[in-house]
Every structure is written in structure tokens, then in C-alpha cells.
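> Attaching a predicted model along with its sequence, questions to come.
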Amino acid sequence: MTGLVVARADGVARVTLARPPLNVLTPDLIGTLDTAVRGVAAEAGVRVVVLAGEGRAFSAGVDVRTMRDLDPAGARAFIQRLRAAIAAIESLPVPTIARLHGHALGGALELALGCDLRIAAASCRLGMPEVGVGIPSVIHAVLLPGLVGWGRAAELLLGGESIDAVQAERWGLVNRAVPEAELDAEVARWVDRFLTLPAEAVRLQKALLARWRRTDLDTAMTESVDAFARAYTTGEPRAAMDRFLAAGRSRAE
């Protein structure tokens, strides 16, 4: 695929933006990403997805040249295309990890916000600079107040400034900020963690998290009860609890 590399091994799908030097997002790349992610979602053997970027950055965001001459109808069509790609990432039924380095700006940060975890090199710069080129930050930018609070979201969205990953970790925008030399090891640690957990339980929990974000408290609790009961149709609770109890007995002996 032009501008995108998808590799699969041992239950892990790695989707890598490959449009050097900064993996700038174009309409074609966004469409390719959407199609690729939907394909990965249909693969039963995939248990974790890692979204990354080649070269100097995760991505510096959308190519401004592709947006410069849009009219209102073209702008709506373009942003809906980006929305569809991010929705495809968010809808993946397995845990997703954004591996961030260099820059993660604008639409690229929105891609990362579609992932469950964001693991970043400490030097990575994150931001929503769209106001600087005359447009608002939209789509998954709406998640920012819930992640970092309204005041900090205002700094990012109204001020258009970027922050480094260390500050982003303090704010809750990324899960971990680590030295760049340790970035792959930290991503691998989370990949390994997800691979060791009961697969269907993780899928059920991910689906619940997605629903909790979009529904009221009572509905969320009712759906949680349903998911708890569905877990017992998989056989995983007995197997996982047997392992837990056996490990406890071993420690006690």
C-alpha cells in the first residue's frame, strides 16, 4: 500500500505510516489507512494493534496544501473522510497502541486519540495547531477536555501550541513518556501484557469502555452487567480463575 505498511505476526498487527520524512497525511493516505484498519478488524487472529510512523515523526498532521483550496462542500467531504479513518481505529475490537515520536500534530494526534493507549518518546511534540492555519480542531479533539480538563484543552485548541510528551503525560494526554531509546521496549511491554490476558475478556472490556464514553451512567451499568454474564459463555473465566488459584497455592506452599 502506498504510504502505509501493515505487518502481522504472533497476534500483533503493526500499522505504520510510511510517507517520509514526516508522514504528512493526504486524502489518499487517509483512505488507505481506513481500508487497512477495517481489514485488520476483520482478522480473528489479531489481538493487539500498534499504530506507528516511520522516520522522523509519527506524523506532522494533515498536508496543508491539500486543504488550502477547499470550498465548504470539499471541506466537509475531506473531514468526514478523516473522521471515518479515526472511527475505524477506535472501533477495532482489540487494544490499540499509538507509538509516538518526533511529532504528533493535528489530524495525526486525532489518530492517536482514537487508540486506547498512547506511548510516546519524551521528546515527542504533541498539539492541535489548526487555528494557526484558519480552521478549528475537530473530530476527536472533542475528547481532549475529558482527558486533560477544559482549561488545558483551551490551551491546546485556542492557543494552538504544542507540548512535549513529558508534559502530555502529566496532563493525561499520553499514558507513558519514555526516553526515545526505550520507546520500543515500552510498547513491547504493553503488547506482551495484552497478549497474556484472556482475549475475549479484553474485547468485552474494550467494548464497554467505548460505550461508557457515549452513554449515561445507568445505561453503562446495565450494559456492564450484560457483559459480565456474556463472559461466562466463553469459558475464559473458569480457565483464568483456575490459573489464578493455582498460582496462589504455589505461592502459599
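Perfect, thanks for sending it. Numbering: from 1, shown residues only.

> going forward, measure contacts and count neighbours with C-alpha atoms only.
Noted.

> Now do the contacts for V46.
Neighbouring residues of V46 by Cα atoms under 8 Å, 6 or more residues apart in numbering: 8, 11-13, 40, 94.

> Tell me the secondary structure at R38.
When classified by DSSP: H, G, I helix; E, B strand; the rest coil, R38 comes out as helix.

> Hmm, it is touching A88, no?
Yes. Contact criterion Cα atoms under 8 Å: R38 and A88 qualify, at 6.1 Å.

> Looking at these two now, which is surrounded by more residues?
Neighbour count, other Cα atoms under 10 Å: between R38 and A88, A88 has more, with 22 against 16.

> gap between G53 and G114?
G53 is 15 Å from G114, where distance means Cα to Cα, to the nearest Å.

> ok, now A73?
In this structure, A73 and G114 are 25 Å apart, going by Cα to Cα.

> and what of C124?
Relative to G114, and taking Cα to Cα, C124 is found at 18 Å.

> same deal with T196?
23 Å.

> And the two? Which one has more around it.
Counted by other Cα under 10 Å, T196 and G114 do not tie: G114 has more neighbours, with 23 against 9.

> Now that one: closest residue in space that isn't a chain neighbour?
E90 (4.7 Å; Cα to Cα, 6 or more residues apart in numbering).

> ok, now W150?
Leaving aside its sequence neighbours, W150 sits nearest to L144 (Cα to Cα, 6+ apart; 7.8 Å).

> For the host helix or strand of that neighbour, the averaged confidence score.
Per DSSP states H and E: L144 is located in helix 144-148. The average pLDDT within helix 144-148 is 95.

> Kindly report the same for stretch 181-199.
Per-residue scores along stretch 181-199 average to 98.

> just to revisit the earlier point, touching the helix holding L144 from outside, list them.
Applying Cα under 8 Å, 6+ apart, the contact partners of helix 144-148 are 150-153, 171-173.

> Closest one to M128 out of those, please.
Set against M128, the nearest of the contacts of helix 144-148 by Cα to Cα is A153 (9.6 Å).

> gap between I86 and E155?
Distance from I86 to E155, by Cα to Cα: 23 Å.

> Repeat that for A84.
Taking Cα to Cα, one finds A84 at 27 Å from E155.
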